[in-house]
Structure formats: C-alpha cells, structure tokens
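Novice: coordinates only, sequence not included:
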C-alpha cells in the first residue's frame with residue numbers, strides 16, 4: 001500500500017477509535033464514514049483493521065455490516081464544500097486562535113500549553129489537555145511533548161472536530177441532529193467544542209424539538225455569558241455566543 005493510502009486508513013481508524021460503545025451500530029458507523037472524503041476502499045480497510053484492534057463483539061458485528069453495505073455503493077464518495085464540518089471549522093478556528101491562520105506569528109504562544117478563559121490548560125486550536133487541570137496538562141506533555149508545530153495543531157483540531165461532531169449528534173440524537181440545517185449543525189458542533197452542549201440544558205431540549213427561537217434564548221441564559229455582558233463587555237465569547245444564537249434562530 002502507498003503512504004497516501006495508509007494515511008487515509010489511519011484517519012479512518014482514528015475516527016472509529018473515537019466512537020463510544022453506545023455508537024456501535026452499523027447505520028451510525030456507515031453514516032459517519034459516508035461523511036468522510038476517503039475512497040470506499042480505504043474505508044473498508046479501516047473497518048477491517050478496526051475489527052482487529054477494538055475488542056468488542058458488538059463493534060465487530062456492526063463494522064462487518066457497515067463494510068458489507070459500503071461494498072454495494074458506488075466507488076466514489078465526496079464531501080460537499082458546504083458540509084457542516086467545513087462550516088463548523090470556519091466558525092471555530094477564528095474563535096480559538098488569532099485570525100484564521102495558525103501559522104501567524106500571533107499564534108506562536110498557542111502552540112505551547114496555556115490557560116484558556118475558563119482557567120483550563122489548552123494547546124493549539126483550543127485542544128483541552130486531559131481534563132484541563134495541572135495534572136492533566138503534565139500527563140499530556142509526557143505523552144505528547146510540550147509544543148506543537150502548526151501542522152500538528154491543525155491535525156489535532158481535525159480530530160477534535162470529528163470527536164465533537166460525534167458528541168453533538170449523540171447528545172441531540174440522530175433524528176434531531178440530522179434534521180438541522182448545515183449551519184445549525186455547525187453551530188451545535190461549535191457549542192460542543194466550547195464545552196457548552198450538555199444533555200440536561202434546556203436549550204438542547206428545545207433544539208431536539210425544533211423550537212429554535214426558544215433554544216436561542218435559553219442558550220444565552222448562560223451564567224458566563226450574562227456575567228460578561230453585565231461587566232459591559234462585548235468580548236470574543238459574547239460575540240461568539242451571540243452569533244451562535246442568531247444562527248440557531250435563523251436570522252444570520
């Protein structure tokens with residue numbers, strides 16, 4: 001196999017490894033893989049390797065079923081330029097770094113461990129180091145090193161993006177998530193990326209039911225948001241949340 005082929009299979013494996021046991025269903029795995037840009041042959045190879053590496057009879061059955069269905073499809077699967085993950089990246093990156101280019105000199109400090117606005121240790125494009133604690137940071141550094149290259153930061157961001165997209169779909173439920181427009185899906189991923197997508201939150205329940213105006217209002221009924229606004233600020237967090245609320249409402 002070529003290096004390019006191996007890299008494609010590796011990306012698919014990382015995606016499959018990120019799945020929780022509750023997601024071991026053939027249709028879910030198939031839907032996930034259909035959103036990826038790699039050719040079908042790489043997806044099937046990734047499934048085969050994952051079966052060898054993931055010790056779960058439930059996953060084995062689901063993966064084999066998904067592989068069987070993939071072999072019945074046409075040989076090319078493409079991702080639209082308007083795919084919600086592309087849109088989510090465009091929302092998230094400028095909110096997590098200075099500007100939109102990780103290579104910019106202003107972003108050099110972000111390639112080393114630093115505290116975010118919640119006091120948690122992060123690195124790169126808002127990647128949480130373990131649980132964000134001092135101990136979590138130190139453990140992360142032992143495993144991964146204390147500094148990233150711009151390319152490593154973007155590779156880590158891509159993995160985080162897929163992880164939070166899976167989390168968002170799992171929290172809302174496949175039916176409710178799939179009914180969202182691409183822009184609303186992108187916003188939900190952004191909210192998950194920031195750590196504000198919790199199953200118990202009222203705005204999440206409204207999203208599930210398609211009550212977008214109520215969801216937007218409840219989303220902004222947020223302790224941190226109201227605190228920042230009351231202090232007279234219109235900082236990046238406030239602007240980010242206002243933008244998200246407008247997209248949820250359908251007014252932006």
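Specialist: That came in fine, so what should we check first? Computed from a predicted model, the values in this text were never measured in an experiment.

Novice: how about residue 19, nearest residue that isn't a chain neighbour?
Specialist: Take residue 19 and drop its neighbours on the chain: the residue closest to it by CB to CB, 6 or more residues apart in numbering is residue 166, 7.0 Å away. No exception for glycine: its C-beta is placed from N, CA and C like everyone else's.

Novice: and that neighbour, what helix or strand is that in?
Specialist: helix 150-172 (DSSP states H and E).

Novice: if you count contacts, what does the helix or strand of the chain with the lowest mean pLDDT end up packed against?
Specialist: Scoring the helices and strands of the chain by mean pLDDT, DSSP states H and E places helix 3-17 at the bottom, with a mean of 76. In terms of contacts (3 or more CB pairs under 8 Å, 6 or more residues apart in numbering; DSSP states H and E), helix 3-17 is packed against helix 26-34, helix 40-53.

Novice: nearest to residue 176, out of the ones you listed?
Specialist: Of all these, it is helix 26-34 that lies closest to residue 176, at 14.2 Å by CB to CB.

Novice: and the one helix or strand residue 64 maps to, which residues are buried?
Specialist: According to DSSP H and E, residue 64 maps onto helix 57-71. The neighbour-count check on helix 57-71 (16 or more other CB atoms under 10 Å) flags 59, 60, 62, 63, 65, 66, 67, 70 as buried.

Novice: any idea of the pLDDT on the residue lying closest to the fourth one once chain neighbours are set aside?
Specialist: Think residue 63. Spatially, and ignoring its direct neighbours in sequence, residue 63 is nearest to residue 47 (4.7 Å; CB to CB, 6+ apart). As predicted, residue 47 sits at a pLDDT of 87.

Novice: same thing with residue 233?
Specialist: 72.

Novice: excluding chain neighbours, what is closest to residue 98?
Specialist: Residue 98 sits nearest to residue 106 (CB to CB, 6+ apart), 4.1 Å away.

Novice: circling back: how close does the residue nearest to residue 63 sit to residue 16?
Specialist: Applying CB to CB, to the nearest Å, the value for residue 47 to residue 16 is 7 Å.
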